[in-house]
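In: Below is the structure, and that's it, no one-letter string:
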């Protein structure tokens, strides 16, 4: 057999692709007996390491650092599994580093890279201070670290797209499509749930809010500030707890009549749904509700949640491709890739009722 792939060689030897890669690169962390067996099989079956792979900047390692900042949600855990599979198939080990909010600085990344001798870095989710004003300086400092970096599931927030590559779902287009779905069902009093700190215009919630507003404007409707549910826990923005508690506070404030709510993400929407239930508001009979992400939990709620499903496998494949290209010997331009999500219509949306929900604040006291 000639020209077999590294995956086929791994199957022949009954080991992981990463083990074959380490053996072929004479890494010390492979059992000598296993290494000899892999080398013998490679010779027997005519396996030759890919020429482009040999040119990667991996003199000391076949490992990639995946850096997660703050509290990881279900979406990031699902994406991590996809990245491990994609990069593992290319012969790379994935090492996860969790960075607390207070230590999300360039110096932390530099220490992680130096300690692990990593070939590349994937930022899974955002990275850095929540204040956008600090983003340009952080971006420049990250660019000075001599290792390829890719932002996955988000863009970096410096407005300097030439410095770092990113692969993300199109947040603005997704929220626009969700809002259009509600408009087509006759809804005109549509709220948005889950906004963070004003000025954070590159964050996912802000891009989704922009898409929501764009759909309303296209329909000739003016966005009502009273129909925006602000987060009361900005550091736990994309959580069920924040969605629940923020919606309860909003309902107690006596908002204008509404017939639908676009949640900033699935977790936020699930929390909002609980607050609506406790207020005696039925979904979707009284109020339609949507999320964003396509988490597994969204399809097990009652009713099931209409959401914009992120194609995680595609995001992982493209992130791996962009990182591998960046780690090759030849310098390459950075890439910003936006992926369209898939509208998944659940049971939580339906035709608009004749009148919007009116909240009796006294009943919620």
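Out: That came through fine. All values derive from a computational prediction rather than experimental measurement.
In: So residue 21 sits against residue 91, correct?
Out: Yes. Assessed by C-beta atoms under 8 Å, residue 21 is found in contact with residue 91 at 3.1 Å. (C-beta placed from N, C-alpha, C; glycine too.)
In: Give me the common contacts of those two.
Out: 6, 62 (C-beta atoms under 8 Å, 6 or more residues apart in numbering).
In: so where's the stretch 151-300 of the chain uncertain?
Out: Applying pLDDT under 70 to the stretch 151-300 of the chain picks out residues 156-162, 199-200.
In: Residue 175: what's it in contact with?
Out: The contact partners of residue 175, by C-beta under 8 Å, 6+ apart, come to 207-212, 215, 262, 292, 308.
In: Identify the residues contacting the closest residue to residue 293 other than its chain neighbours.
Out: Sequence neighbours aside, residue 266 is the residue nearest to residue 293 in space, at 4.5 Å (criterion: C-beta to C-beta, 6 or more residues apart in numbering). Neighbouring residues of residue 266 by C-beta under 8 Å, 6+ apart: 291-295, 297-298, 305, 307.
In: Would you mind checking the contacts of residue 175 for buried ones?
Out: 207-209, 211-212, 215, 262, 292, 308 (16 or more other C-beta atoms under 10 Å).
In: so how many other residues sit close to the closest residue to residue 144 other than its chain neighbours?
Out: Leaving aside its chain neighbours, residue 144 sits nearest to residue 106 (7.8 Å; criterion: C-beta to C-beta, 6+ apart). With neighbours defined by other C-beta atoms under 10 Å, the count for residue 106 comes to 18.
In: can you check residue 198 too?
Out: Residue 198, neighbours per other C-beta under 10 Å, totals 8.
In: try residue 100
Out: Residues lying near residue 100 (other C-beta under 10 Å) number 10.
In: ok, now residue 353?
Out: With other C-beta under 10 Å as criterion, residue 353 counts 17.
In: so who does it touch?
Out: Neighbouring residues of residue 353 by C-beta under 8 Å, 6+ apart: 259, 285-286.
In: Just the closest of those residues to residue 251, please.
Out: Closest approach to residue 251 among the contacts of residue 353 (C-beta to C-beta): residue 286, at 12.5 Å.
In: Let me know the secondary structure of the closest one.
Out: Classification of residue 286 using DSSP: H, G, I helix; E, B strand; the rest coil returns coil.
In: Quick check, it in contact with residue 357.
Out: Yes. With contact defined as C-beta under 8 Å, residue 286 reaches residue 357; the gap is 5.4 Å.
In: more neighbours, these two?
Out: residue 357 (22 against 17).
In: can you pull the contacts of that one?
Out: 257-259, 281, 286-287.
In: Apply 6 Å and report the result again.
Out: Neighbouring residues of residue 357 by C-beta atoms under 6 Å, 6 or more residues apart in numbering: 258, 281, 286-287.
In: just residue 231 next, same as before
Out: By C-beta under 6 Å, 6+ apart, the residues touching residue 231 are 194, 196, 237, 242, 246.
In: so of these, which ones are in strands?
Out: Residues of the contacts of residue 231 located in strands (DSSP state E): residue 194.
In: which one of the contacts of residue 231 is nearest residue 62?
Out: residue 237 (35.7 Å).
In: Against residue 92, how distant is the nearest residue to residue 317 once chain neighbours are set aside?
Out: The shortest distance from residue 317 to any non-neighbouring residue, by C-beta to C-beta, 6+ apart, is to residue 86 (5.8 Å). Here residue 86 is placed at a distance of 9 Å from residue 92 (C-beta to C-beta, to the nearest Å).
In: Repeat that for residue 181.
Out: According to C-beta to C-beta, residue 181 and residue 92 sit 39 Å apart.
In: again, but for residue 270
Out: Separation of residue 270 from residue 92 (C-beta to C-beta): 35 Å.
In: Next, the contact list for the residue nearest the centre of the chain, please.
Out: Nearest to the mean C-alpha position of the chain, by C-alpha atoms, centre = their mean, lies residue 153 at 3.2 Å. The contact partners of residue 153, by C-beta under 6 Å, 6+ apart, come to 79, 125, 168.
In: 10 Å instead, please
Out: Contact analysis of residue 153 by C-beta atoms under 10 Å, 6 or more residues apart in numbering lists 75-76, 79, 122-126, 166-169, 171, 204, 293, 310, 312, 315-316, 319.
In: now swap in residue 263 and tell me
Out: Residue 263 neighbours (C-beta under 10 Å, 6+ apart): 175, 178, 191-194, 205, 208, 229, 238, 243, 247, 269-273, 289-293, 298, 305-307, 348.
In: Okay, and which of the residues you listed map to helices?
Out: Residues from those lying in helices, with DSSP state H as the criterion: 175, 178, 205, 208, 243, 247, 269-273.
In: what about burial for those residues, which qualify?
Out: 175, 178, 205, 208, 243, 247, 269-273.
In: Wait, residue 254 touches residue 279, no?
Out: No. Using C-beta atoms under 10 Å, residue 254 is not in contact with residue 279, being 11.8 Å away.
In: returning to that earlier point: could you check how far the residue nearest to residue 144 is from residue 327?
Out: For residue 106, the distance to residue 327 - C-beta to C-beta - is 20 Å.
In: What of residue 275?
Out: 46 Å.
In: Check residue 261 too.
Out: In terms of C-beta to C-beta, residue 261 sits 43 Å off from residue 327.
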